[in-house]
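Participant: build the 3D model from these lines:
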Amino acid sequence: MGSHAQTLPLDPLPDAIATLCDEVEESLESGLLPARVFNDPEVHRLELERLFARSWVYIGHESEIPAPGDYVLRYVAEDPFIFVRDEAGEVRLLFDACRHRGTQICRADKGNTSHFRCPYHGWTYANNGDLVGMPAAREVYGGLDRSQWGLIQAPKLERLHGLYFACLDESAPPLDEFLGDMKYYLDMSFGYVGDLEVVGDPHRWILGGNWKTTAENSMADDYHVTFLHRSMVQLGLLPDGGDYFKACHHISPGNGHGVSFEFSGPDARVNFGYPDDVAAAFGRNGLDPQQADLARRCHGGGANVFPNLAILFLQLSPTLGDDAPTAFTSLRLWQPHGPDKIEMWNWVLVPKGSSDEFKQQSYRAAMATFSPGGVFEQDDSIAWRSITRTAGTTFARRIGFQFNYQMGDQVGAVETVADWPGPGHVTSHAYEETLHRMLYRRWLDFMRNEDYPPSWTDPRVVVREH
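Facilitator: All right, here's what the predicted structure looks like:
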């Protein structure tokens, strides 16, 4: 079904970028980071090749392609793929390129079809990727073995709680190994909440910035909330608590992933903020008692699956009126479009068994806060664009400008939670930057290693092979 291709070895890392990686490693030891990594064309090119083409990247949710023939057009960084359920019901990820001349064959963002036909010369493929037709086939392709010329399939595609991830490197470890201890927290949240479905189509828009800034922000930058989003506090969309976000714990499960969730005491049942009638169906998905207890006590927060998948479990009000905060789940993919531009993808998910009324309220809350017109989005995008602009200036490069990531273990007070019931390195509050530093250590692993980089679970002990 379709065809498989073997990826070629990576070229050696250019000397200039190898030197930059050495600078990054040395700087991180003291909680600093060269600004250049956020806006450099050569860094971006190598990220596409060495990081995005080898990491497990989020593709889509199973509810987006429920029936045979359903498809949506998706991307791994800047490369197009067709995410499709074939006639036999199997989910596939096919490189969107005709095997004849490479023309894009999928001409719509979504649809339902049994076949894809190239608009250039008419080569036709079944939705499982097989080449099934060519104009004048007998006269000009009598000896062609069609089984060798199907659409190229992504080397790896795996499902977790309805979420599909792909990897373009056949030498990569399975998804579970890539996630490491992050899987514990994905099971804790998605496994506890249970069956989710996507509402509508993902929203997409272009904004200025670098994908790494958005990834670190979504998983661990609680520090900015009550300042950059101060207007949200003044409008009553956020609690006016000063150190409110110190209530969150930062959890570093290794491999560059990160979680920033808030938990209540041992007797609480907050269920990610979902109302009791919706939460009544939660917790029936094979969690161990420890995970289920953490999930019951979890208010939610943000997380990032390395490299660029942000996950939000939040409760916010959709209006400035009397509407109570409503829980919603959002997936956000930061797709790089060059070193200083991002295409933002945003999915809203709701529990399948919830009422239509609640689904609508949840969707409204998500759209009012985290969407192209969301009130939080407007603040964040200004800061991200400005950071990337600074990183690309001539003066910043000439003086070796560095950004400060010293909060917490390096500068300030933060304690490790020694009796945490789950895995990972866990801090007593969220005003610290351990997760940021771990993100860039994993970035280094992928940039430096020509073989697939080794995994690590203890974020304080990073083992690399050069």
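
Participant: can you give me the strands for the stretch 51-200 of the chain?
Facilitator: 57-61, 70-76, 79-85, 91-95, 110-112, 115-117, 124-126, 131-133, 156-160, 163-167, 196-198 (DSSP state E, counting those that start in this stretch).

Participant: again with the stretch 351-466 of the chain
Facilitator: Under DSSP E, counting those that start in this stretch, the stretch 351-466 of the chain gives strands at 402-404, 425-426.

Participant: can you pull the pLDDT of residue 239?
Facilitator: The score at residue 239 is 61. That number is its pLDDT.

Participant: also residue 463?
Facilitator: pLDDT, residue 463: 36.

Participant: my guess is residue 332 is in a strand, correct?
Facilitator: Yes. Per DSSP: H, G, I helix; E, B strand; the rest coil, residue 332 lies within a strand segment.

Participant: test my guess that residue 208 contacts residue 385.
Facilitator: Yes. If you go by CB atoms under 8 Å, residue 208 and residue 385 touch, sitting 3.3 Å apart. Backbone N, C-alpha and C define where each C-beta goes, glycine included.

Participant: ok, these two, which is more surrounded?
Facilitator: residue 385 (18 against 15; other CB atoms under 10 Å).

Participant: dump the residue contacts of that one.
Facilitator: By CB atoms under 8 Å, 6 or more residues apart in numbering, the contact set of residue 385 is 207-209.

Participant: among those, which are in strands?
Facilitator: 207-208 (DSSP state E).

Participant: so which of the contacts of residue 385 is the closest to residue 221?
Facilitator: Comparing these against residue 221 with CB to CB places residue 209 closest, at 13.2 Å.

Participant: separation between the nearest residue to the closest one once chain neighbours are set aside and residue 446?
Facilitator: Take residue 209 and drop its neighbours on the chain: the residue closest to it by CB to CB, 6 or more residues apart in numbering is residue 384, 3.3 Å away. Distance of residue 384 to residue 446, computed by CB to CB, to the nearest Å: 22 Å.

Participant: what of residue 207?
Facilitator: 24 Å.

Participant: higher neighbour count, those two?
Facilitator: residue 446 (21 against 18).

Participant: how about the nearest residue to that one, chain neighbours excluded?
Facilitator: residue 51 (4.2 Å).

Participant: that neighbour is in contact with residue 445, isn't it?
Facilitator: No. The pair residue 51 / residue 445 is not scored as a contact, 9.2 Å apart, by CB under 8 Å.

Participant: chain neighbours aside, what residue packs nearest to the residue nearest the centre of the chain?
Facilitator: Centroid-nearest residue in the chain, with CA atoms, centre = their mean: residue 309, separated by 0.7 Å. Distance criterion CB to CB, 6+ apart; nearest residue to residue 309, sequence neighbours excluded, is residue 58 at 4.2 Å.

Participant: look up which residues are beta-bridged to the one you found.
Facilitator: residue 165 (DSSP bridges).

Participant: residues contacting it?
Facilitator: 163-165, 305, 308-309, 331, 333.

Participant: distance check, it against residue 356.
Facilitator: 27 Å.

Participant: ok, residue 280 next?
Facilitator: As defined by CB to CB, residue 280 lies at a distance of 17 Å from residue 356.

Participant: quick one on the thing from earlier: of the strands of the stretch 351-466 of the chain, flag the one that's most buried.
Facilitator: Neighbour counts (mean count of other CB atoms under 10 Å) averaged over each of the strands of the stretch 351-466 of the chain peak at strand 425-426, with a mean of 20.

Participant: what is it packed up against?
Facilitator: On a contact count with 3 or more CB pairs under 8 Å, 6 or more residues apart in numbering; DSSP states H and E, strand 425-426 meets strand 248-252.

Participant: rerun that using 10 Å as the cut-off
Facilitator: Helices and strands touching strand 425-426, as assessed by 3 or more CB pairs under 10 Å, 6 or more residues apart in numbering; DSSP states H and E, comprise strand 248-252, helix 434-448.

Participant: point out the most buried one among these.
Facilitator: strand 248-252 (a mean of 25).

Participant: run the chain-centre distance for that one.
Facilitator: Relative to the chain's own centre, strand 248-252 is displaced by 18 Å; criterion: CA atoms, centre = their mean, to the nearest Å.

Participant: what's the angle from that strand to helix 434-448?
Facilitator: Counting by axes from the mean of the first three to the mean of the last three CA atoms, to 10 degrees, strand 248-252 lies at 20 degrees to helix 434-448.

Participant: CA atoms of the next helix or strand after strand 248-252 as CSV?
Facilitator: Later in the chain than strand 248-252, the nearest helix or strand by DSSP states H and E is strand 258-263. Written as CSV, here are the backbone C-alpha positions of strand 258-263 (Å, rounded to 0.1, in the frame of the first residue of the first chain):
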residue,chain,number,x,y,z
GLY,A,258,7.4,20.2,29.6
VAL,A,259,4.3,20.6,31.7
SER,A,260,2.9,23.5,33.7
PHE,A,261,-0.2,22.4,35.6
GLU,A,262,-1.9,23.5,38.7
PHE,A,263,-3.0,21.0,41.3
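
Participant: what part of the chain, helix or strand, is modelled with the least confidence?
Facilitator: Every helix and strand in the chain was compared by mean pLDDT, DSSP states H and E; the lowest is helix 230-235, with a mean of 71.

Participant: what about the helix or strand hosting residue 277, average pLDDT?
Facilitator: Secondary structure assignment for residue 277, by DSSP H and E: helix 276-279. Averaged over helix 276-279, pLDDT sits at 93.

Participant: what are the buried residues along it?
Facilitator: Buried residues in helix 276-279, counting neighbours by 16 or more other CB atoms under 10 Å, are found at 278-279.

Participant: check which helices and strands that helix sits against.
Facilitator: Using 3+ CB pairs under 10 Å, 6+ apart: helix 276-279 touches helix 192-193, strand 341-351, helix 356-369.

Participant: among the ones you listed, which is nearest residue 299?
Facilitator: helix 192-193 (13.1 Å).

Participant: so where's the stretch 301-450 of the chain shaky on pLDDT?
Facilitator: For the stretch 301-450 of the chain, the stretches with pLDDT under 70 are 320-323, 409-413.

Participant: which residues do residue 51 and residue 445 both contact?
Facilitator: 306, 453 (CB atoms under 10 Å, 6 or more residues apart in numbering).

Participant: now the strands of the stretch 51-200 of the chain in CSV, with distance to residue 379?
Facilitator: Below are these laid out as CSV (distance: least, CB to CB, whole Å):
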stretch, distance to residue 379
strand 57-61, 25
strand 70-76, 27
strand 79-85, 31
strand 91-95, 35
strand 110-112, 31
strand 115-117, 41
strand 124-126, 45
strand 131-133, 50
strand 156-160, 32
strand 163-167, 28
strand 196-198, 26
